[in-house]
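Below: sequence and its predicted model.
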Amino acid sequence: MQYTAGTGRTAAALATVLAAAALMTGCTPTGDGGGAAAPSAPTASSRPAEPTATGGDKGGTTSGGSTGGASPSGSPTGGTSSGGGSSSGGGGGATKKPCTVDDIKVSEGHQADVRPSGTGTGAAIVSVTNTSKSPCKVYGYPTVAAAGNGSPEKNKPLATTHTGPDAADLVLAPGARAWTKLTFVQVQGEADGYCASGATPGSYPTVVIGVLGAGKHQIAMDDGVFAFCDDKVTVTAWSSAKPS
């Protein structure tokens with residue numbers, strides 16, 4: 001009987017130990033699956049940063065377009081300099097020097113192909129040539145005067161009307177020419193002719209052409225005389241295009 005009682009006490013003690021172990025197991029933290037949570041791995045933010053290759057190591061392109069790494073702050077980049085290009089007034093710029101009386105030669109008048117119908121001059125083409133060794137400019141419109149008795153000192157200015165494109169500075173290289181067209185009130189009829197206005201036609205061996213800044217030049221027609229009515233003329237501005 002004593003053996004049986006001792007055995008019972010031993011069994012009771014073992015049951016108590018097992019129950020305590022079960023209680024301790026129930027108090028241990030678990031993961032989502034009910035087991036014990038494994039130690040968490042270090043996050044990316046807790047790891048030391050790995051060395052990153054610079055633009056020079058990778059041969060990257062700089063903001064200026066060159067390779068081999070970015071330019072130091074404040075150093076020139078590969079872009080275009082704001083100071084580049086041709087400067088105004090440089091060697092290739094247009095001259096501001098007006099032609100003078102000694103720089104040019106005014107041609108004789110040549111009867112224009114396109115002119116008013118009649119028997120007088122109708123219209124004449126006149127050119128000015130730069131005879132100097134450097135560029136110079138002509139500008140504006142010519143003035144026209146009838147040379148009384150062939151003398152420029154006794155000229156009679158004609159009433160002038162401007163026509164065609166607006167006047168502009170026209171730079172003439174050495175040897176280059178500019179043209180103007182003079183259109184007169186035409187003479188009608190044969191022999192001495194007549195004017196539609198009733199005035200007497202004028203006939204002049206020469207006229208005086210005024211070039212702004214470059215003096216006055218007496219010229220003749222290359223064939224015949226200047227014959228027109230009413231002492232009026234319509235002129236175009238000096239142009240690099242020869243009129244017809």
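Yep, it's here. None of the values given here were measured: they were computed from a predicted structure.

Can you verify Asp231 is assigned to a strand?
Yes: assessed with DSSP: H, G, I helix; E, B strand; the rest coil, Asp231 lies in a strand.

I figured it was touching Ala159, is that so?
Yes: taking contacts as C-beta atoms under 8 Å, Asp231 lies within contact range of Ala159: 6.2 Å. (Glycine included, C-beta is placed from N, CA and C.)

Those two: who's more crowded?
Asp231 (16 against 11; other C-beta atoms under 10 Å).

What ranges in the chain fall below the confidence cut-off?
1-95, 149-152 (pLDDT under 70).

and with 50 instead?
Along the chain, the model assigns pLDDT under 50 to residues 1-15, 17-92.

That one: strands as residue ranges?
With DSSP state E as the criterion, the chain has strands at 104-106, 110-111, 123-130, 136-138, 143-147, 155-157, 159-163, 170-172, 177-185, 202-204, 206-210, 216-220, 226-236.

residues in contact with Gly193?
Residues near Gly193 by C-beta atoms under 8 Å, 6 or more residues apart in numbering: 118-120, 187, 201, 227.

Which residue comes closest to Ala220 once chain neighbours are left out?
In this structure, Ala220 finds its nearest non-sequential neighbour in Thr206, 4.9 Å apart by C-beta to C-beta, 6 or more residues apart in numbering.

Tell me how far the one you found lies from Gly224.
The spacing between Thr206 and Gly224, counted by C-beta to C-beta, to the nearest Å, is 12 Å.

Which residue of the two possesses the greater neighbour count?
A count of neighbours by other C-beta under 10 Å puts Thr206 above the other of Thr206 and Gly224, at 23 against 13.

wait, doesn't the more buried one sit right on Gln218?
Yes: applying C-beta under 8 Å as the test, Thr206 and Gln218 come out as touching, 5.1 Å apart.

Save the contacts of Gly193 as JSON lines, and put in neighbour count and distance to Lys137 too.
Listed next are these as JSON lines, based on neighbours: other C-beta atoms under 10 Å; distance: C-beta to C-beta, whole Å:
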{"residue": "Gly118", "neighbour count": "21", "distance to Lys137": "36"}
{"residue": "Thr119", "neighbour count": "16", "distance to Lys137": "38"}
{"residue": "Gly120", "neighbour count": "25", "distance to Lys137": "33"}
{"residue": "Val187", "neighbour count": "23", "distance to Lys137": "36"}
{"residue": "Pro201", "neighbour count": "20", "distance to Lys137": "37"}
{"residue": "Ala227", "neighbour count": "20", "distance to Lys137": "33"}
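
how about a markdown table for the residues you listed, with distance to Ser244 added?
Below are the contacts of Gly193 laid out as a markdown table (distance: C-beta to C-beta, whole Å):
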| residue | distance to Ser244 |
| --- | --- |
| Gly118 | 18 |
| Thr119 | 20 |
| Gly120 | 18 |
| Val187 | 21 |
| Pro201 | 25 |
| Ala227 | 21 |
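
and Lys232, what does it touch?
Going by C-beta under 8 Å, 6+ apart, Lys232 touches 158-161, 184-185.

Can you pick out the most distant pair from those?
Spatial extent of the contacts of Lys232 (C-beta to C-beta) is set by the pair Thr160 and Val185 at 12.2 Å.

Compute the distance between Lys156 and Leu212, please.
Look at Lys156 and Leu212: by C-beta to C-beta, they are 20 Å apart.

what does Gln111 give?
From Gln111 to Leu212 the distance is 25 Å (C-beta to C-beta).

Same question for Lys105.
Lys105 sits 16 Å away from Leu212, going by C-beta to C-beta.

So if I had to pick from Lys156 and Leu212, which one is more boxed in?
Remark: of Lys156 and Leu212, Leu212 carries more neighbours, 16 against 13, as counted by other C-beta under 10 Å.

Quick check: that one touching Ala167?
No: counting by C-beta under 8 Å, Leu212 stays clear of Ala167, with 9.2 Å between them.
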